[in-house]
Each structure stands twice: as C-alpha cells, then as structure tokens.
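K.L.:
Dropping a prediction and its sequence here:
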Amino acid sequence: MNLILFGPPGAGKGTQAQFIVERFRIPQISTGDMLRAAVKAQTPLGLKAKAIMESGGLVSDEVVLGIVQERLAQSDCESGFVLDGFPRTIPQALSLGDILAGLDRAIDHVISLDVDNAEIIQRLSGRRTCSACGKGYHVLYDPSKNADVCDVCGGALMQREDDKEATVKNRLDVYDRQTAPLKEYYEQAGLLRHINGCGPIRDIQQQIGELLKGPSGDNS
Ligand code: AMP
C-alpha cells in the first residue's frame, strides 16, 4: 500500500502516519523529519536547509526529491510506504510519479486531513518536542506531567523554531500558495480521500483504518 498523507502543517500527519506504520507495517517517510535530522547532524544538506526551514519556506524541489528518491529505493519500502509532508509542490508530485513509475509502482491513496486555520494555529503554537528522545506533546491536548520535562526520558521539552507564531503564519501562506493546489491534482487523478482531521486522535485513526480496509483500500 503506497500512501500520501496530505494536509496543512499541524493537521496531524505525523501522528496519523505513526498509526498507519503500526497497523499496516509500512515505513513512514517524513521529509520534515529527514531534513531536521540533516540539520541536527550539520550535514552540507542540513546547513543549506536550516535557514529556509526556520523561516517557514520550502526547501528546493531538487534537494527534497534527492532524499525521497534515495529513501524509496530502500528495501523496507518494497511492501509500501506512507509519505508525510511530501509532495508539497506540483513539480514534486510530477517527479514522484516518475520515480514510482521507474520502480513499477503507483500511489494508491492520497489521504487529506482537513483542518481549518484557527485550529491549526492553536495546535502548532502549543506543540512541544523532547529535545532528547523526540517524543511529542501539546500544552493543552497532551501535556507532560511536569512542565517542560519529558515524561519518558526527563529531557527538556522545546518548541520547534518553525512553530513560533510569525513562522506559522508564513508556513500557512506557503501551504495555501504552493501545496493546496495538489488537492486538485490528486482529485483529478481519482486518488484524493478526505478525512475530517478535527476531533479525538482515535476517531481520526478509525476513519483512516476504515478507509484503508474498505473495498477500494484493500491493497495490502
Ligand atoms: P514538516 O515537518 O513536514 O512541517 O516540515 C518542516 C519544514 O521542512 C518545512 O516547513 C519545509 O521548510 C521543509 N520541508 C519538509 N518537507 C518538504 C518538502 N516536501 N518540500 C520542501 N520543503 C520541505
């Protein structure tokens, strides 16, 4: 099963991707996570991407396509994958189609997590991540027991630089201009499936589970 999880920043793509990974045993391919790892490791690619990511802009299609192409060729993607945060532009979507055609594969579903802007801003501004183990929290919806300390490892909780208010606004503008047009693209390809991304995480998981095990989703 080859999936794309689509939606604005803060729609819950990472959270729902984790559920899909566990339920369907396919790897999550998150370009945001891969780029953050490169920034942390201070690789040449990471050094190039850092300032762009902190401003809320998009890293060049060329750079992102390079890392996705390499990742999709790895053996754990043979049984399928869930793309999270990619593609984000029409050229990325076109190139993804070419990469997959070269591997004799195709996308089965594009799952769009629909969430309005007011909710997104509240979600992103409250998001925190453990600087040591990476576990995610939210100050309102999923707080840690002790403020600013990870329940699992005791690491310090941090706010992502690009979750700060001014950057969030830019990320949403970038999404509207460059990424939202992909909905039309995948709608026309007959691949777009809408999921209401508001409400309890478990309800959203259930909707996704139903969609993927339904008659048209039974591709595993
Ligand atoms: P995310 O964690 O998916 O919100 O991504 C964080 C940041 O990484 C984005 O704001 C972009 O700067 C960069 N990024 C992630 N995925 C892509 C992509 N597919 N194309 C361009 N930039 C990306």
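P.N.:
That came in fine, so what should we check first?
K.L.:
Off-centre distance for stretch 180-195?
P.N.:
Offset of stretch 180-195 from its chain centre (CA atoms, centre = their mean, to the nearest Å): 16 Å.
K.L.:
anything in that stretch near the ligand?
P.N.:
No: shown here: stretch 180-195 not in contact with the ligand (CB under 6 Å from any ligand atom), separated by at least 10.6 Å. C-beta coordinates here come from the backbone N, C-alpha and C atoms, glycine included.
K.L.:
Please point out which parts of that stretch sit buried.
P.N.:
By neighbour count on 16 or more other CB atoms under 10 Å, the buried set for stretch 180-195 is Leu182, Lys183, Tyr186, Leu191, Leu192, Arg193, Ile195.
K.L.:
Can you report how many residues lie near the closest residue to Asp61 other than its chain neighbours?
P.N.:
Take Asp61 and drop its neighbours on the chain: the residue closest to it by CB to CB, 6 or more residues apart in numbering is Pro91, 5.0 Å away. Close neighbours of Pro91, defined as other CB atoms under 10 Å, add up to 13.
K.L.:
Which ones among the buried residues of stretch 180-195 lie within strands?
P.N.:
Leu192, Arg193, Ile195 (DSSP state E).
K.L.:
wouldn't the first one be in contact with Lys183 here?
P.N.:
So the one you mean is Leu192. Yes: using CB atoms under 8 Å, Leu192 is in contact with Lys183, at 6.2 Å.
K.L.:
list the residues that contact both of the two?
P.N.:
Phe6, Ser112 (CB atoms under 8 Å, 6 or more residues apart in numbering).
K.L.:
What confidence value was assigned to whichever residue of the chain sits closest to the ligand?
P.N.:
Nearest residue of the chain to the ligand: Gly32, at 2.2 Å (CB to the nearest ligand atom). With respect to pLDDT, Gly32 scores 95.
K.L.:
Near the ligand, which residues of the protein are found?
P.N.:
So the chain meets the ligand at 9, 31-32, 35, 52-53, 56-59, 64, 85-86, 88, 92, 162, 171 (CB under 6 Å from any ligand atom).
K.L.:
tell me, how many neighbours does Gln206 end up with?
P.N.:
By the measure other CB under 10 Å, the count of residues near Gln206 is 12.
K.L.:
Quick check: buried residues in the host helix or strand of it?
P.N.:
Element membership for Gln206, per DSSP states H and E: helix 201-213. Buried residues in helix 201-213, counted by 16+ other CB under 10 Å: Ile204, Gln205, Gln207, Ile208, Leu212.
K.L.:
same check, this time on stretch 79-97
P.N.:
80-89, 92-93, 95-96.
K.L.:
so what's Phe24 up against?
P.N.:
Met1, Gly80, Val82, Leu212, Ser220.
K.L.:
Redo those residues as CSV? Include secondary structure and pLDDT.
P.N.:
Listed next are the contacts of Phe24 as CSV, based on DSSP: H, G, I helix; E, B strand; the rest coil; pLDDT from 0 to 100:
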residue, secondary structure, pLDDT
Met1, coil, 94
Gly80, coil, 96
Val82, strand, 98
Leu212, helix, 92
Ser220, coil, 44
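K.L.:
Which one of these is nearest to Ile120?
P.N.:
Val82 (20.7 Å; CB to CB).
K.L.:
shouldn't that closest one be in contact with Arg25?
P.N.:
No: using CB under 8 Å, Val82 is not in contact with Arg25, being 10.8 Å away.
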